Each structure stands twice: as C-alpha cells, then as structure tokens.
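[1] After the sequence you'll find the predicted model.
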Amino acid sequence: MNRRAFLTSSIATVSAATCLAPQASTGAAESAGAPAREFYELRRYHLRRGPKTRLVDEYIRQAAIPAWNRLGIGPIGAFNVATGPDSPSLYLLIPSASLEQAATADTRLWTDPEYQRAGAEMLNAPATDPAFVRVENSLLRAFAGMPKLEVPAAAKEGRSRLFELRIYESHSKKANLKKIEMFNEGEIAVFRKTGLAPVFFGETVVGSKLPNLTYMLVFENLAARDKNWGAFVADPDWRKLSTTPGYTDPEIVTNISSLFLRPTSYSQI
C-alpha cells in the first residue's frame, strides 16, 4: 500500500476505532485539559546491500526530513537495524500533531519543489533499478500516559545511543486495551523510576499483527540496557502491578518482540 492510500484509509479506521472500541481506563491522564495525543507513522524501508542504501539515506537526509520539518512535522527519527531481522532496513519514526496532519503530509510534500529537486534521484528511480525493495507502514496513536514523543538528551547532545523497539501483541482488542491501561496507570512510572527512558508509546491502529502496542526505549549502550531492565524486573511496584488480576501476562499479552536500532547520523531523535 502506498503512503497516501495508507494514511487516507487510516482516517476512517481511526475514527471508527474511536467510536466503536472500548476505551482503556487512563485515570488522570485523560482529565480535562490533558495534552492532545500525537500520531506516529512507523515506516520501514526494506533495502538491498549495495549502492542503493546510500541513495535512500541521501533521500531521507537531504529531501524528506527537511521537507517534513518545513511542514512542521518532527523531530524525525531515522534508524538502522543493530540487532534484528531484515537487515539492511531503515526505520523512520514520523510524529504528527494530529491525524489530519499525518494524512495530508504526503500530498503537501509533492507540491514542494525543493523536495522534488533534492529527492529526484530516488523519486524517479526506474522499475528496472529500484531504490528499495518494499516499504511497510504502521500508524500509532500515543498513549494518554505519554501523549508526546520525548527526544533523548543524548540526541540533543550528539552522544551515542541505542534504541530498543518493542511490540506487545494481544489475543483481543479488550486485552490490548487492558495492557495500555496498565502502562498508563503505573507501568510507565515504574519505567522512569528504574531508568528505562521511553521515547514514545503507541497503540497500533493500522498495521500488521493486530492488536498490538509498540514503544521505544533509549539507552547509552547494551550494558546500561541490561542494568536498567534488571532494576525494573526487581522493582517491588512492578512486581505488585504485574501480579494484579487482570494485568498478568497470561491474561493480556500473547507475544513480545524487540529489536535494537542505531540512529543514523541525520536522525533527529
């Protein structure tokens, strides 16, 4: 599915989901005056080893990210797979303030002459010599408990960092919403207390392996990641929360997958 069709169809999907799906309890996070929740497009370019990886990198760095920023979309995350399947792949995290902004961005890009000029080599690649293999998209809505993406301090300071992208699948939408409730009502707080620094949390509203939720954490390195996860697992508040009836893994989570990502030199996250 191309991005325009993907995001256009997403408007109807998200609207229907909002009206028909049971809502996860979010407590104070859903109080009057709470910040509006962002939407995230998580995009993966499947690449081939060779010179085309450079072409995609240059397109994202020189054409796409500056054009998105001109539309008020950003910061943009761009990541290579450090450990995980389908390498080489390039992941993009594209935040939008609203579903409308996300859905109209593609059309607005195509009316930007600077984008067309800077991205011409990739945009005009022939079928006999494509720039990439395929693109996959997911659309996510931020949790009420973390309605905005948080840029890591290490990104602002230009320091090295390692990201972990995690996906939790559930057997039903009811179970998926219960897990989101669990994060909103206490698990995100335990993350922060034990040094697990989140970048975003999102309910996947359009994508594969539904129903699921997706989130991203950032670490200085793999050793810090192991240390902080160890502190989390041992935390008494987490132990109490994770054994509360209705919140146990066997009731609401069927599969957890994760991969490690390294930011590109031009990533804004």
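    Nice, thanks for sending it over.

[2] give me every residue that touches Pro75.
    Applying CB atoms under 8 Å, 6 or more residues apart in numbering to Pro75 gives the contacts Pro95, Leu149, Val151, Gln268, Ile269. C-betas here are computed from N, CA, C, even on glycine.

[3] Tell me the spacing between it and Tyr40.
    From Pro75 across to Tyr40, the span is 12 Å (CB to CB, to the nearest Å).

[4] Gln268 now?
    14 Å.

[5] Between the two, tell me which one has more neighbours.
    The neighbour comparison of Gln268 against Tyr40 (other CB atoms under 10 Å) goes to Tyr40, with 26 against 17.

[6] List the contacts of that one.
    Leu93, Ile94, Pro95, Ser96, Leu139, Leu140, Arg141, Ala142, Leu149, Phe200, Gly202.

[7] Where strands are concerned, which of those residues count?
    Mapping these onto strands (DSSP state E) picks out Leu93, Ile94, Pro95, Ser96, Leu139, Leu140, Arg141, Ala142, Phe200, Gly202.

[8] The last one contacts Met146, doesn't it?
    It refers to Gly202. No. In this structure, Gly202 is not within contact of Met146 by CB atoms under 8 Å, at 9.1 Å.

[9] These two - which one has more neighbours?
    Using other CB under 10 Å as the criterion, Gly202 and Met146 rank with Gly202 on top: 27 against 23.

[10] residue ranges for the strands of the stretch 1-150 of the chain, please.
    39-46, 77-83, 89-96, 134-142 (DSSP state E, counting those that start in this stretch).

[11] In CSV: these, plus mean pLDDT.
    Output for the strands of the stretch 1-150 of the chain, formatted as CSV (pLDDT from 0 to 100):
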stretch, mean pLDDT
strand 39-46, 97
strand 77-83, 95
strand 89-96, 97
strand 134-142, 96
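
[12] out of the ones you listed, nearest to Arg262?
    Evaluated with CB to CB, the strands of the stretch 1-150 of the chain place strand 77-83 nearest to Arg262, the distance being 4.6 Å.

[13] By neighbour count, which bits of that closest one are buried? Give me those.
    For strand 77-83, the neighbour count (16 or more other CB atoms under 10 Å) marks Gly77, Ala78, Phe79, Asn80, Val81 as buried.

[14] which stretches of this protein have low pLDDT?
    1-32 (pLDDT under 70).

[15] doesn't Leu167 fall inside a strand?
    Let me fix one detail, which is that residue 167 is Ile and not Leu. Yes. Counting by DSSP: H, G, I helix; E, B strand; the rest coil, Ile167 is found in a strand.

[16] circling back: is it possible to get a markdown table of the contacts of Pro75 that adds distance to Pro35?
    As requested, these are exported to a markdown table (distance: CB to CB, whole Å):
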| residue | distance to Pro35 |
| --- | --- |
| Pro95 | 13 |
| Leu149 | 12 |
| Val151 | 16 |
| Gln268 | 20 |
| Ile269 | 19 |
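
[17] Which one of the residues you listed is nearest to Lys240?
    Lys240 lies nearest to Leu149 out of those, by CB to CB, at 28.9 Å.

[18] Okay, that closest one and Arg134: tell me how far apart.
    26 Å.

[19] So those two - more neighbours on which side?
    Leu149 (20 against 9).

[20] The more buried one and Leu162, how far apart?
    Distance from Leu149 to Leu162, by CB to CB: 18 Å.

[21] Tell me which stretches of the stretch 151-269 of the chain form helices.
    153-156, 173-182, 188-193, 222-234, 236-242, 249-252 (DSSP state H, counting those that start in this stretch).

[22] For the first one, give me every contacting residue.
    When you say that, I think you mean helix 153-156. Contacts of helix 153-156 (CB under 8 Å, 6+ apart): Ser160, Arg161, Val218, Glu220, Pro263, Ser267, Gln268, Ile269.

[23] Leaving out sequence neighbours, find the closest residue to Asn80.
    Excluding its sequence neighbours, the residue lying closest to Asn80 (CB to CB, 6 or more residues apart in numbering) is Arg262, at 5.2 Å.

[24] Thanks a lot, catch you later.
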